[in-house]
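*Asks:* got a predicted structure plus its sequence, pasted below:
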Amino acid sequence: DGPQYGEKVGIYSSGLILWYISLGERPFDRVPAEVVAEKAARSGLRPNLEPVRARFGPEFADLVAQAWHGDPPQRPSAGQMVELLEQLGQSVSKPSVLRRSG
């Protein structure tokens with residue numbers, strides 16, 4: 001039997017998707033997927049969080065880092081991810097609407 005994949009693998013993938021959406025670029029775009037998978041599993045390879053941290057702040061970057069935790073049981077559940085994202089969304093100030101004068 002092969003390895004069993006569960007919710008925590010999906011959480012890892014969610015972290016990658018959040019990183020991708022944040023920066024508009026694919027993580028490890030120039031590296032073959034097999035190499036990325038191997039290095040991520042065995043060596044803890046993760047995309048650079050500094051651009052995410054600089055653009056969206058430490059709370060969002062920390063959420064992404066939690067999703068990538070090297071010990072899958074330490075990753076948040078899907079429900080926890082939703083809660084954390086909602087909390088972050090509420091803490092972000094709403095952009096002001098510019099009024100045009102005519």
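*Replies:* Structure received.
*Asks:* in this structure, which residue is most central in space?
*Replies:* In the chain, the centroid-proximal residue (CA atoms, centre = their mean) is residue 15; its distance is 2.5 Å.
*Asks:* any idea how far residue 74 is from that residue?
*Replies:* Separation of residue 15 from residue 74 (CB to CB, to the nearest Å): 13 Å. Every residue, glycine included, has its C-beta placed from N, CA and C.
*Asks:* list the residues that are in contact with both of those two.
*Replies:* Common neighbours of residue 15 and residue 74 (criterion: CB atoms under 8 Å, 6 or more residues apart in numbering): residue 66.
*Asks:* quick check, pLDDT for the residue nearest to the centre of the chain.
*Replies:* For residue 15, the pLDDT comes out at 93.
*Asks:* that one reaches residue 61, doesn't it?
*Replies:* No. Using CB atoms under 8 Å, residue 15 is not in contact with residue 61, being 10.5 Å away.
*Asks:* measure residue 79 to residue 52 for me?
*Replies:* 23 Å.
*Asks:* and these two? Which one has more around it.
*Replies:* The residue with more neighbours, out of residue 79 and residue 52, is residue 52; 21 against 9, by other CB atoms under 10 Å.
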